[in-house]
Structures are given as structure tokens and as C-alpha cells.
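Engineer: Following is a predicted model, sequence given first.
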Amino acid sequence: MERAARMALRGHGQAEPNPMVGCVILDSSGNFVAEGYHHRCGGAHAEVDALRHAGARARNGTAIVTLEPCNHHGRTGPCSQALLNAGVARVAYGCCDPNPKAAGGGDMLRAAGVDAFHLPCAAAERVTAPFLYRVRTGLPWVIAKWAQSADGRIATKPGEPRWISGPESRAMVHRERGRVDAILTGMGTVLTDDPLLTVREARASRTPVRVVWDPRLSIGVDRALVRTARETPTVVACTPEALAARSVHANTLREYGVELRAVDGLRALLASLRTQCATLPAGDRTGASTVLVEAGAGLVRSLHAEGLINDVWVFTAPHTIGDAGPRSMAPMSAAALAGLPCVWHGTRGVDAVEVRRVGG
């Protein structure tokens with residue numbers, strides 16, 4: 001099951017809004033035969049992909065899949081029927097499908113005489129968690145990312161280079177930008193860093209919409225996000241009161257190509273992004289499945305306080321910065337991070353990287 005979960009991760013950035021799913025096929029003797037995953041939304045599901053590689057060797061064998069096989073006709077046929085047609089004798093799935101449109105594959109297989117059963121696995125649950133969360137809450141999966149020094153600072157002192165993490169860490173972030181549907185930032189970051197928040201030097205599966213949480217609608221037309229809004233989709237979200245009070249400025253922003261949204265807070269903003277946000281390569285407009293937060297500590301803390309963050313990606317450089325002002329403190333202390341479940345940890349160049357699960 002853990003091997004199937006690793007396969008599932010290969011679909012990140014292409015499979016969404018569908019779940020990331022992996023599948024491993026064993027022959028009748030329990031030997032490995034083939035593996036597959038859901039490559040892209042609208043394409044073959046993981047079971048079908050694995051069965052194509054397995055061929056006749058799947059007969060009387062076992063399929064190990066991270067999510068209960070679907071049992072409905074969507075853009076593709078039901079995976080439960082594909083497994084039945086292949087003559088698979090046993091099916092183990094790591095998570096039950098909560099989607100009422102697709103669920104029931106396990107029951108269908110059991111009714112047909114297949115030994116289908118739920119085999120709980122932490123790795124399968126982790127890779128399926130974003131899909132389960134979206135189905136349960138109607139909100140996108142939110143990843144908050146920041147780089148910090150060894151002494152927990154996320155901003156440098158005036159006059160010092162602003163980069164804290166190394167080029168390898170920044171490359172990892174750019175790859176993730178190219179897999180998400182939206183990048184969310186706040187006005188503090190816009191004023192201090194004037195970021196572009198685009199995907200650079202990495203292959204992009206998606207063109208993420210750049211989203212600014214600007215409650216007072218104070219963003220200036222000199223900011224890079226506004227100046228490039230016709231090149232890369234840009235949303236500025238503010239309160240309804242600010243939009244009404246600053247209607248002239250709002251119209252100016254629209255002339256630059258900025259899309260304005262009036263929402264009552266961060267939860268409402270994320271809900272609106274889930275309804276409509278992303279521009280896929282095919283030009284389809286669809287709701288956001290995954291949002292990457294690249295912002296200062298204030299916005300990250302606000303999102304966390306409302307229970308709206310699912311994962312945090314923390315890049316810790318080996319050097320210290322010292323006191324660079326109150327805005328330089330990391331959103332979470334080392335003790336708070338250590339108390340969260342670790343999804344993955346490793347290194348990128350000289351930086352330590354950890355992915356922690358906050359909620360989901």
C-alpha cells in the first residue's frame with residue numbers, strides 16, 4: 001500500500017480536482033506485476049493504468065489501491081468494473097470513497113464475488129487527505145510555505161539580502177507553484193517584497209491564479225501583481241465595504257486586468273476560490289483544489305487561527321539573522337511545529353525542509 005501511495009503522488013498537479021490515486025497489481029502468487037497512477041484529470045484512473053501494464057498476469061491476482069475503486073460512469077468507466085473484467089480475485093483499498101457519486105465500488109466487487117476489503121494505511125490516508133478534505137468541507141487544500149533562519153526569523157534586516165533559503169529550496173517552491181491552482185499572499189508581502197508569484201525555471205502543469213488578501217483595497221497600481229495582471233490571472237479580494245467605498249480605485253484595477261472579489265473574511269475567500277479560480281492549460285475555468293500561501297506571519301497566523309491551513313512547508317537555513325523587527329518572527333515556533341505530524345522531511349542544498357500536517 002505504501003508503494004501505491006508513492007505512485008499516487010506522481011499525479012500531483014495533474015490529477016486534481018480528482019484524487020491522487022496509486023495502484024499496485026500482484027499476481028496469483030503474490031509477486032509484483034505492475035503499478036500505475038492517475039496521471040491527469042479526465043485520463044485513465046490508477047487501476048486502469050496498472051491493469052494495462054499487468055495484462056493477463058492480473059487474473060486471479062490482487063489489486064492494492066489507495067482509494068476505494070470508483071463505481072460510476074464519469075469521463076471514464078467505473079474502475080470496479082475494470083477490475084472485475086480483468087479477473088482480479090482480491091482488492092485492498094486504503095481509504096473509503098466519501099464521494100456519493102463515485103462510492104460503492106467495494107460493495108459492487110464483493111457482490112460479484114471478489115474479496116474486496118478496506119486495508120487502512122497511514123500513507124494512503126495522507127495522499128488522499130486533500131481530496132477527502134475538499135469533499136467534506138467544500139474548501140481547497142491549503143499549504144502555507146515559509147523560509148526561516150536557524151533562529152526562527154522569516155525576514156532579514158534592512159540592507160541585507162532578502163533571500164533566506166538557498167536556490168535548491170526556491171526551485172522546490174517553484175515546482176509546487178506549477179502544481180497548485182492559486183497562490184495567496186497578503187498586503188504586507190505585496191508592500192515589502194513586491195512579488196510576481198509566477199512559476200519560473202520549472203515546468204508548470206497549471207497556471208496558478210495570484211490572489212491578494214487586501215481587506216481595505218489599498219493595493220497600488222505600481223505593484224508588480226497589478227502591472228502584470230493581463231499576463232497572469234490576478235485576484236484582489238477585499239471586504240464588501242471597501243469595494244463600495246473605493247469604487248473608483250476598483251475600476252482602475254479592473255482596467256489593469258485585476259479581478260476583484262468582495263468577501264467577508266478568509267474562509268469566504270477560500271470558499272469562493274473553490275467555486276471558481278484556476279485557469280488550466282486547456283483554458284477551462286474551474287475551482288481551486290490546492291492553494292499555496294506565500295505570505296508574512298500575520299496572514300499565516302490568521303489562517304491558522306481559523307483552522308484553514310492543512311500543511312506547512314518550512315525551509316530552515318543554517319544561518320541566524322537576529323532581531324530584524326516584530327514582523328520577522330516565524331508564524332509558528334519550533335515547539336509548535338514539532339508538535340505537528342511530520343509528513344516528510346529532507347534537505348534541499350544546505351536547508352532543512354519539513355512538511356507538517358496541521359489539519360485535514
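Structural biologist: Arrived safely. Residues are numbered from 1 along each chain as shown.

Engineer: so residue 67 touches residue 15, yeah?
Structural biologist: No - the pair residue 67 / residue 15 is not scored as a contact, 11.1 Å apart, by CB atoms under 8 Å. C-beta: built from backbone N, CA, C; applies to glycine.

Engineer: Who has more neighbours out of those two?
Structural biologist: Neighbour count, other CB atoms under 10 Å: between residue 67 and residue 15, residue 67 has more, with 33 against 25.

Engineer: shaky segments in the stretch 51-200 of the chain?
Structural biologist: Low-confidence regions of the stretch 51-200 of the chain, defined by pLDDT under 70, span residues 102.

Engineer: Now do the helices in this protein.
Structural biologist: Secondary structure of the chain (DSSP state H): helices located at 2-8, 46-54, 79-85, 105-111, 122-137, 167-177, 187-193, 224-227, 240-245, 247-255, 266-275, 297-305, 334-338.

Engineer: residues in contact with the nearest residue to residue 314 once chain neighbours are set aside?
Structural biologist: Closest residue to residue 314 apart from its sequence neighbours, by CB to CB, 6 or more residues apart in numbering: residue 354 at 5.3 Å. Applying CB atoms under 8 Å, 6 or more residues apart in numbering, one finds that residue 354 lies in contact with 313-314, 316, 337, 342, 344-345.

Engineer: and the gap between residue 354 and residue 346?
Structural biologist: Distance check for residue 354 against residue 346: by CB to CB, to the nearest Å, it reads 8 Å.

Engineer: now swap in residue 228 and tell me
Structural biologist: When CB to CB is the yardstick, residue 228 and residue 346 sit 33 Å from each other.

Engineer: Domain-wise, how is this protein divided?
Structural biologist: Listed domain ranges for the chain are 2-131, 138-357 (source: automatic domain parsing).

Engineer: end to end, how far does the longest one reach?
Structural biologist: Spelled out, it's domain 138-357. Between the opening and closing residues of domain 138-357 lies a distance of 19 Å (CA to CA, to the nearest Å).

Engineer: So residue 221 is in contact with residue 228, correct?
Structural biologist: No - taking contact to mean CB under 8 Å, the distance of 11.6 Å between residue 221 and residue 228 leaves them out of contact.

Engineer: Look at the two and report which has more neighbours.
Structural biologist: For residue 221 versus residue 228, the count of surrounding residues by other CB under 10 Å is larger for residue 228: 16 against 13.

Engineer: Show the contacting residues for that one.
Structural biologist: When contacts are taken as CB under 8 Å, 6+ apart, residue 228 is in contact with 196, 198, 234.

Engineer: can you check residue 8 too?
Structural biologist: Here residue 8 is in contact with 20-22, 37-38, 46, 66, 124, 127-128 (criterion: CB under 8 Å, 6+ apart).

Engineer: Which one of those is nearest to residue 191?
Structural biologist: Checking these against residue 191 by CB to CB gives residue 20 as the nearest, at 36.2 Å.

Engineer: per-residue confidence at the closest one?
Structural biologist: The model reports residue 20 with a pLDDT of 97.

Engineer: and if you look at residue 214?
Structural biologist: Residue 214 is assigned a predicted lDDT (pLDDT) of 98.

Engineer: Assess the claim that it and residue 239 are in contact.
Structural biologist: No - with contacts defined as CB under 8 Å, residue 214 does not count as touching residue 239, sitting 9.4 Å away.

Engineer: Redo the helices of the chain as a markdown table? Include distance to residue 61.
Structural biologist: Below are these laid out as a markdown table (distance: least, CB to CB, whole Å):
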| stretch | distance to residue 61 |
| --- | --- |
| helix 2-8 | 14 |
| helix 46-54 | 7 |
| helix 79-85 | 10 |
| helix 105-111 | 14 |
| helix 122-137 | 19 |
| helix 167-177 | 35 |
| helix 187-193 | 52 |
| helix 224-227 | 53 |
| helix 240-245 | 58 |
| helix 247-255 | 58 |
| helix 266-275 | 39 |
| helix 297-305 | 45 |
| helix 334-338 | 43 |
